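1. Predicted model and sequence below, questions to follow.
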Protein chains: 2
Amino acid sequence: MDAAEFRRRGREMVDYVADYLENIEQRPVYPDVEPGYLRSLIPTEAPMEPENYDDIIRDVERVIMPGVTHWHSPYFYAYYPAASSYPAMLADMLCGAIGCIGFSWAASPACTELETVMLDWFGKMLQLPECFIAGTHGHGGGVIQGTASEATLMSLLAARCKAVRWVQASNPKKSEAEIFSKLVAYTSEQAHSSVERAALIGGVMMRKVPTDNCFAVRGDILKEMVEKDKAAGLIPFYFCATLGTTPSCGFDSITELGPICNGENMWMHIDAAYAGSAFICPEFRPLLNGVEFADSFNLNPHKWLLVNFDCSTMWVKNRADIIGAFKMEPLYLKHENQESGRHWQIPLGRRFRSLKMWFVFRMYGLKGLQAHIRKQVALAKEFESLVRADKRFEICAEVILGLVCFRLKGSNELNQKLLKMITKSREIHLVPCQLSGRFVLRFAICARATESRHIQQAWQHITQLTFDIKMSQRE
Amino acid sequence: MDAAEFRRRGREMVDYVADYLENIEQRPVYPDVEPGYLRSLIPTEAPMEPENYDDIIRDVERVIMPGVTHWHSPYFYAYYPAASSYPAMLADMLCGAIGCIGFSWAASPACTELETVMLDWFGKMLQLPECFIAGTHGHGGGVIQGTASEATLMSLLAARCKAVRWVQASNPKKSEAEIFSKLVAYTSEQAHSSVERAALIGGVMMRKVPTDNCFAVRGDILKEMVEKDKAAGLIPFYFCATLGTTPSCGFDSITELGPICNGENMWMHIDAAYAGSAFICPEFRPLLNGVEFADSFNLNPHKWLLVNFDCSTMWVKNRADIIGAFKMEPLYLKHENQESGRHWQIPLGRRFRSLKMWFVFRMYGLKGLQAHIRKQVALAKEFESLVRADKRFEICAEVILGLVCFRLKGSNELNQKLLKMITKSREIHLVPCQLSGRFVLRFAICARATESRHIQQAWQHITQLTFDIKMSQRE
């Protein structure tokens, strides 16, 4: 395929993309396929000779689309949103064309520099304390990670490194392995599975902290656990707070937790993967109060801020902590402007992802982004009031942002049955969670295209299925 | 921006991309900017109101392009290639539009399934033993990682987990921390820095194995080191072999090393990030002989096989090893077809990257991909012969694939001076390496657009600069 053909096929693809997104409602949101469906639809081996592009495009509808869960359908209410917007897609095309691998400043200065400045822009939009902003006299700054899992892992590894140095400062003979075996990390029992996974990777203990009746970790309980572990000769070194947990969008009390972590010399990382985007709205910004106590903070614009996956933004208070944890510079990576490089991630190479932020921030403006968040929160509130108006149902956690946790009053089995029927009907898609031992349905406002009529329709569908269940129980 | 505007802007972007790549030769390959250049060119904060798209596009030329190192310029000979092709870019557009997050089968069945089948296609193209192919009776299979760094880390973590289980089977009372402190991993002194980094992350010792005069690790030296460590009460558990090292494209002797690893119950991972793509050509496939001894194998189609970054393909002989290392399933990730999901990576979420492989394999066909590899190897050979014909220069490592390591006969300072002049002139771009204490220039065939005339021109440029140096020395 030469440039001329790319021009033609590229235009066709642009139209295909626009058509797909404009008409996505007409596709069943959840695919009707069984595991292994795809293998039988395509050859067992790659072709020897080049194929025709038209055949490939035909196969997108024949092979791929029947197996796609349409995350951008307005009937998709599962997990948390995956961001998508036209400006981000345009920026991604440009990113693909430039195709630089940004593992150092010299490998493409614009890639490193735009990232630094975009993280500053974004940090200011979030009203982060100045110590997290690179273009100041502080020692902090931001970086784009692929996912929140990687941000959590990086923070835990930096904290582990710092803890080892700190212990060895007073006990120079203690081996690293000996120290590792005493380190304890903490996180909410409601935290994402990737937090526990980070501790597994880092080879340190992790304790799950019980939450209060708002599914939030409070200061007193962490304090108590830390004291107990210290008394047992262990070394508490890390706490991962969550703002906007995956099951219920609960918020750990970081104003209580932060001072405890600071006092105990424990690294506090804040994972606000989903909820963080809302903090650009002044009315939601108080949820982030206490960030000044944190050593690192992360959220995913690729979840709720219209920047296509992957783009997970992370700030640290002290760049040296995270750089120092891993720095190694073979000759083929050395260059004159060494200090401007950055190895703050697990992967060495990375795409020019800040272009997506740049395009989205400029094409929407802060006001446009705030409007997007507010609209989706309003839709969640609308759904909440529909649930509350129906006495058969109950709301299971305070609706603060775009997630509504609800269930039919009654047994877990009843709710499992309802979800099974929802999934099977393929009209809307949502996933469950467990809250205090109860099986709960999660209704997350996800797609950019979701409007009030979709919410109303979704609720009508759920109540119809509920009616069917109740009828069948009577028979 | 609505769909209609996206159609218009998308077409413009397709043309911008095609123009950029068609005329890339006219841009200086290496940017003439100082660190911090970009910050002064754009506002210090994000705009409040939406901006005009035309202004953003104008800023791409004003702000971004002056700071881009043009990896796809035919004058780019640094590092190793970053793959790029039009079919991959089209697939990436589609990937962005579907915008699914493939963290489980249910999250988008097509995403998981196409990946599995593409890894099988590719595995067959590479003539991998059947035990690595998923669609067989074996226990193996492939997965797309973001980078080779992640593949290495995953393999080391899986090996660590396996080693702990193995030790605890005979010593149930040994703690994990105690075992960790005895584990030893090995890799070549020529291995990529990410290998050492993986050991740092995993909290295990890593020994650098000296290489022979072809910069390859041989069996006897590994055997000797392993014996010595075992005698000291340590537990050798992992060896990372490299096929195509970063400094000189050296090849560890895996036919010698594999049986040793198997005999010692050590995991052998093969990192063939760059060189691996060449193994689709029968004439280069012997370089992979011995892969049957490996537990895991990785290469980056995003380096040399025309699939845009990121796409790093990894195969394991036993899926359970790598899945078992981390599996955790909170309720919101559970679904009926659990076993088809896969958490083989550090990040939980991932893009629909297999689309790029599918488009590229089909649009080029195996023959087209082989032709691409052969053409670039031939260009390296052409450059090699130019160097060999000039008595002032020497070749520093056997030229097997697309990399030529060369230097001026004489001091390191002389060669550092030459490289500095090359970098400063910005006509071509390359980076150095260190081989046996000598400062060496690496000339890697990178861009898809590189032709014989560019090689000739590059050599002429290098010899002209050499002439200038020699003249100035005489003055």
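-> Cool, got the structure. All of these numbers come straight from a predicted model, not from anything done at the bench. Residues are numbered from 1 along each chain as shown, chains lettered A, B, ... in the order given.
2. is it true that A:Phe239 touches A:Glu256?
-> No - contact criterion Cβ atoms under 8 Å: A:Phe239 and A:Glu256 do not qualify, at 11.5 Å. All C-beta spots, glycine's among them, are computed from the backbone N, C-alpha and C.
3. between the two, who's got more neighbours?
-> Between A:Phe239 and A:Glu256, A:Phe239 has the larger neighbour count (other Cβ atoms under 10 Å in any protein chain shown), namely 31 against 18.
4. for stretch A:42-51, which positions count as buried?
-> By 16 or more other Cβ atoms under 10 Å in any protein chain shown, the buried positions in stretch A:42-51 come out as A:42, A:46-47, A:50-51.
5. show me what contacts A:Arg218?
-> By Cβ atoms under 8 Å, 6 or more residues apart in numbering or on different chains, the contact set of A:Arg218 is A:211-212, A:253, A:256-257.
6. now do 7 Å
-> A:212, A:253, A:256 (Cβ atoms under 7 Å, 6 or more residues apart in numbering or on different chains).
7. Run the chain-centre distance for the helix or strand harbouring A:Leu200.
-> In this assignment (DSSP states H and E), A:Leu200 forms part of helix A:193-202. From the chain centre to the centre of helix A:193-202 is a distance of 16 Å (Cα atoms, centre = their mean, to the nearest Å).
8. now swap in stretch A:156-163 and tell me
-> 22 Å.
9. Any part of that stretch near chain B?
-> Yes - using Cβ under 7 Å from any Cβ of the partner chain, stretch A:156-163 reaches chain B at A:Leu157.
10. Quick one: residues in contact with that stretch.
-> Residues contacting stretch A:156-163 (Cβ under 7 Å, 6+ apart): A:183, A:185, A:198-199, A:202, A:204, A:235, A:237-238, A:267, A:321-322, A:324-325, B:201.
11. pLDDT on whichever strand or helix holds A:Met118, on average?
-> Using DSSP H and E, A:Met118 sits within helix A:109-125. In this model, helix A:109-125 has a mean pLDDT of 96.
12. again, but for stretch A:347-367
-> 94.
13. Any buried residues in it, and which?
-> Quick answer for stretch A:347-367 (16+ other Cβ under 10 Å): A:347-366.
14. Also stretch A:446-463?
-> A:446-450, A:454-455, A:458-459, A:461-462.
15. Adding pLDDT as columns, could you present those in a markdown table?
-> Shown next, in a markdown table, are the buried residues of stretch A:446-463 (pLDDT from 0 to 100):
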| residue | pLDDT |
| --- | --- |
| A:Cys446 | 97 |
| A:Ala447 | 97 |
| A:Arg448 | 96 |
| A:Ala449 | 96 |
| A:Thr450 | 98 |
| A:His454 | 98 |
| A:Ile455 | 98 |
| A:Ala458 | 98 |
| A:Trp459 | 98 |
| A:His461 | 97 |
| A:Ile462 | 98 |
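16. Inside helices: which ones of those residues?
-> Per DSSP state H, helices hold the following members of these: A:454-455, A:458-459, A:461-462.
17. Assign the closest residue to A:Met48 other than its chain neighbours to helix, strand or coil.
-> In this structure, A:Met48 finds its nearest non-sequential neighbour in B:Leu366, 5.1 Å apart by Cβ to Cβ, 6 or more residues apart in numbering or on different chains. Using DSSP: H, G, I helix; E, B strand; the rest coil, the structure places B:Leu366 in helix.
18. got the phi/psi numbers for the closest residue to A:Val117 other than its chain neighbours?
-> With Cβ to Cβ, 6+ apart as the criterion, A:Val117 has its nearest non-adjacent residue at 5.5 Å, and that residue is B:Arg39. Dihedral pair for B:Arg39: phi -60, psi -40, per degrees, to the nearest 10.
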